[in-house]
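1. Sequence plus predicted model, see below.
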Amino acid sequence: MSDKPLGIGMIGLGTVGRGVAALLRDEAGLYTQRCGRALELRRVVVRDAAKAAAAGVVKPSLVTTDITDLLNDDAIDVVVEVAGGLDPVGGYVEQALRAGKHVVTANKTLLAERGPELFALARANGVAIAFEASCGGGIPCVTALTQGLMANRIDGLYGILNGTCNYILTEMTRGGKSYTDALAEAQSAGFAETDPAADVSGADAAQKLAVLASLAFGVRITGGQVPTRGIDGLSLSDIELAGELGYDIKLLATAERWPGQDWVNTEVQPCFVRKDELLAQVHGPYNALSVHGHAVGHVLLFGQGAGQLPTASAVVADILGIANGSAPAAFSRMRITPDLAEPAPLVDPADTESAFYLRMQTVDQPGVMAQVTRLLGDRGISLAAVLQHESRAGEVVSLVITTHLARRGDVQDAAAEIAALDAIHGEPVVIRIVDLPA
């Protein structure tokens, strides 16, 4: 390994990019000591050079709007991509790899959609892609799956992978706020974008899950293959009723493969989790990933999943891995990236089994409960608990049922039949209850 300075070119100087530049500047001596060579930021590509220069974190002479200034610089060894999105960034990353430059990226969208071809291109050109910051910000999720837990067959990932959603749900569960009020507060506090659609729809978490599940199971999966339901349709009444039953609610990104089975099930959706589970204790804008390995059991990774310095921390850690040679060596020998894998054998979610929460609005009259339980029983669905608050005859009330382990398709079919009953108002709410493997 050379001890000459590592030349760095960076694409993007937004929130994360400024954090990376600041760390490289402020901790230069520490990083040189730790990897045995200096880290030298040589070029930063931006759309608005004047705005970038005004930020004051890099010398104006390093700023350019021309990507070829970076790609044609032979002294640049690694390209750090912190701009995000698919185009034109995907093309820039491809050109960097073809030019024989390592790539460090925080771009989960790019990896979720084009990861296999970019990984293959990196291998063909003898360089590495490092991407710790793409999933979980400052939490070392990728390192855990590709190094620390390599002795395990991974059977499940259970992640809180979007801080915006977790902040909103925390305010709803602990503060009793409506979704609308909690979202407005998240936006005011800087935890949610003006347009929060990518977060609250679950799309952001789905892209991260696709990257992590590909590594965990050694399969090829894209973000578009992850069934997704967001939090924007949640009712505060469901959260309050679940609390009475001993559950908290989280937007969970789950990837599961049952022992002895080849198929994989991936989903992002609001789920109920028992209040005594560690995942239920993750509040506010924090993220967490629970990994279940056959030998180690559950390992919980917890921390700040977004933000300038937490994400910049992961980016710089990858740069250090390039500098000391560990990242290229690991990448060249790693056999679990999606470019080397077959497409994931995805199961129909209707064929998966879980416990479920059902809430229906019903007229309080004799015989309704018997009709509901008969429809569930006809499909072999066993009841675990029933909750109904005291009411007056003829009132419309919430009837809540939780089930034991049941096939999802059967629960959904039974819910559709229940909705057709004369006493039922509207569609029953169905939410998965996640019991983590022991």
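-> Happy to help now that I have it.

2. I'd like the mean pLDDT over stretch 163-174, please.
-> Stretch 163-174 carries an average pLDDT of 94.

3. Same question for it: list its buried residues.
-> Within stretch 163-174, the residues that qualify as buried by neighbour count (16 or more other C-beta atoms under 10 Å) are 163-173. For glycine as for every other residue, the C-beta is placed from the backbone atoms N, C-alpha and C.

4. Could you do stretch 218-235 as well?
-> If you call a residue buried by 16+ other C-beta under 10 Å, then stretch 218-235 has these buried ones: 218-223, 225-226, 228-232, 234.

5. Over to stretch 251-268?
-> So, applying 16+ other C-beta under 10 Å, buried residues of stretch 251-268: 251-257, 264-268.

6. ok, Ala189 - contacts?
-> Tyr167 (C-beta atoms under 8 Å, 6 or more residues apart in numbering).

7. quick one: Leu111 and Leu71, what's the gap?
-> Per C-beta to C-beta, to the nearest Å, Leu111 is found 20 Å from Leu71.

8. Show me what stretch 368-386 is in contact with.
-> Contacts for stretch 368-386 (C-beta under 8 Å, 6+ apart): 245, 355, 360, 362, 399-404, 406, 410-411, 413-414, 417-418, 421, 423-424.

9. next structured bit after the helix or strand bottoming out on mean pLDDT in the chain?
-> Least confident helix or strand of the chain, by mean pLDDT, DSSP states H and E, is helix 49-55 with a mean of 89. Heading C-terminal from helix 49-55, the first helix or strand you meet, by DSSP states H and E, is strand 63-64.

10. Quickly run through the sheet partners of that next one, with directions.
-> With DSSP bridges as the test, strand 63-64 is paired with strand 39-45 (parallel).

11. Name the residues of the strand it pairs with that are buried.
-> For strand 39-45, burial by neighbour count (16+ other C-beta under 10 Å) applies to 39, 41-45.

12. Show the average pLDDT along that strand.
-> On average, the pLDDT along strand 39-45 is 97.

13. neighbouring contacts of the least confident helix or strand of the chain?
-> Against helix 49-55 from outside (C-beta under 8 Å, 6+ apart): 13, 18, 44, 46, 58, 60, 63-65.

14. Of all the residues in it, which ones are buried?
-> The neighbour-count check on helix 49-55 (16+ other C-beta under 10 Å) flags 49, 52-53 as buried.

15. Quick check: of those residues, which lies closest to Leu149?
-> Distance to Leu149, by C-beta to C-beta, is smallest for Ala52 among the buried residues of helix 49-55, at 39.0 Å.

16. For the stretch 251-400 of the chain, which segments count as helices?
-> Secondary structure of the stretch 251-400 of the chain by DSSP state H, counting those that start in this stretch: the helices cover 308-323, 326-333, 368-378.

17. Name the residues of the last one that come out as buried.
-> By 16+ other C-beta under 10 Å, the buried positions in helix 368-378 come out as 368-369, 371-372, 375-376.
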